[in-house]
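Novice: Next input, structure requested:
(one chain, ligands or ions: 1)
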Amino acid sequence: MALTQVSSNKCAGGFQKVFEHDSVELKCKMKFAVFLPPKAETHKCPVLYWISGLTCTEQNFITKAGSQLAAADNGIMVVAPDTSPRGCGVEGEDDGWDLGTGAGFYVDATQEPWKSNYRMYSYVTRELPKLINDNFPADPERMSISGHSMGGHGALICALKNPGKYKAYDATVLASGYAGPPLDILLDQGRDDQFLSASQLLPDNLIAVCSEKKIPVVFRLQPGYDHSYFFIYSFINDHIKHHAKYLNA
Ligand SMILES: N[C@@H](CCC(=O)N[C@@H](CS)C(=O)NCC(=O)O)C(=O)O
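Specialist: Numbers count the residues shown, from 1 in each chain. This is a model prediction of the structure:
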C-alpha cells in the first residue's frame, strides 16, 4: 500500500512525520502521524499506538502532548492516527461533534449508512499495524495502545478484544469480562475535568471492577486538571515510561 509523506520534522533527535494513504477499511484517504526515535535508524523499535479523543485529527497529540522526548529516550515509535474516516459523504456525519467525522469511536459500524466507511476498530487493530510493520522499522511483537477520552475507551476495547496483542494498557473503562494475560493499567483523571463533573466519565466503575478482578490499576485523580491536552502534556512522561516497562522488557 503506497504511503505519501505529508510532513517530516526533526524532533527530539528523531523525526516526527505525517503520512497519507488510501485506507481499504475506511474507503478514503487517511492520515497518521509517526514518531521515529533516533534508535529507529539502526534497530527495530516497539510501537505505542495513541488514539485521540473527539474532534481530534492526527495533529492534536503530536503538537500538544509533548511525548517525543520521552519516546526518544525509551526508543519507542509512536503512531497517532486520525479519529475517523473523512469526506466520505455519509449522511449525518457532520451533524454533531460527537458522532461521525472526528468521532469514529474505534468501532466497526454494523448499520447503514455507517457500515461501509466507519470501521475504525479494524483500521487501528489491523490495517494500520500492518502498514506500520511493512513500512517502518517496527518490531511487530512489541506493540501497546493508549489514548484519551474516546481514545482511552478505544484503547481498552482494542486490548480486551485482542488478548495478548498489546503489551500494556491505559484506559478508562470496565474490564469485567477480561480473561487474557495480565493487565497493568495506569489511569490519570483530572479532578476538574468538565466531562467528569457532567458524569460522562465513570472511573469509579473501572476501579470497582479492577479491585474485584484483582487487575492492577494505578488511578491518579489529579487536582486542578481539566480534560485538555495541557493535562495530557503534564503526565505523558509517566505514561510513556509505563509502556516502555513492558515494550522494552
Ligand atoms: N465539544 C468540544 C469538546 C471536544 C473535546 O474536549 N475534545 C477532546 C477529546 S474528548 C480533545 O482532545 N480536543 C482536542 C484538543 O484539545 O486539542 C469541542 O467540540 O471542542
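Novice: Span of stretch 209-228 from start to end?
Specialist: 26 Å (CA to CA, to the nearest Å).
Novice: If you count neighbours, what's buried in it?
Specialist: Neighbour counts over stretch 209-228 (16 or more other CB atoms under 10 Å) mark 209, 210, 215, 217, 225, 226, 227 as buried. Heads up, the C-betas are built off the backbone N, CA and C, glycines and all.
Novice: ok, the first one to residue 112 distance?
Specialist: For residue 209, the distance to residue 112 under the criterion CB to CB, to the nearest Å works out to 34 Å.
Novice: Put together JSON lines for the buried residues of stretch 209-228, with secondary structure on each row.
Specialist: Below are the buried residues of stretch 209-228 laid out as JSON lines (DSSP: H, G, I helix; E, B strand; the rest coil):
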{"residue": "209", "secondary structure": "helix"}
{"residue": "210", "secondary structure": "helix"}
{"residue": "215", "secondary structure": "coil"}
{"residue": "217", "secondary structure": "strand"}
{"residue": "225", "secondary structure": "coil"}
{"residue": "226", "secondary structure": "coil"}
{"residue": "227", "secondary structure": "coil"}
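Novice: Which helix or strand contains residue 132?
Specialist: Assigned by DSSP states H and E, residue 132 belongs to helix 128-135.
Novice: For that helix, buried residues please.
Specialist: Quick answer for helix 128-135 (16+ other CB under 10 Å): 128, 129, 131, 132, 133.
Novice: Which strands or helices does the longest helix anywhere in the chain pack on?
Specialist: Counting residues, the longest helix in the chain under DSSP state H turns out to be helix 229-247. Helices and strands touching helix 229-247, by 3 or more CB pairs under 8 Å, 6 or more residues apart in numbering; DSSP states H and E, are strand 45-51, helix 59-64, helix 68-73, strand 138-147, strand 185-190, strand 217-222.
Novice: Quickly check: that helix near the ligand or not.
Specialist: Yes - contact of helix 229-247 with the ligand (CB under 6 Å from any ligand atom) involves residue 229.
Novice: Please work out the average pLDDT along that helix.
Specialist: Here helix 229-247 scores 96 as its mean pLDDT.
Novice: What residues sit buried inside it?
Specialist: Residues of helix 229-247 classed as buried by neighbour count (16+ other CB under 10 Å): 229, 231-232, 234-237, 239-240, 242-244, 247.
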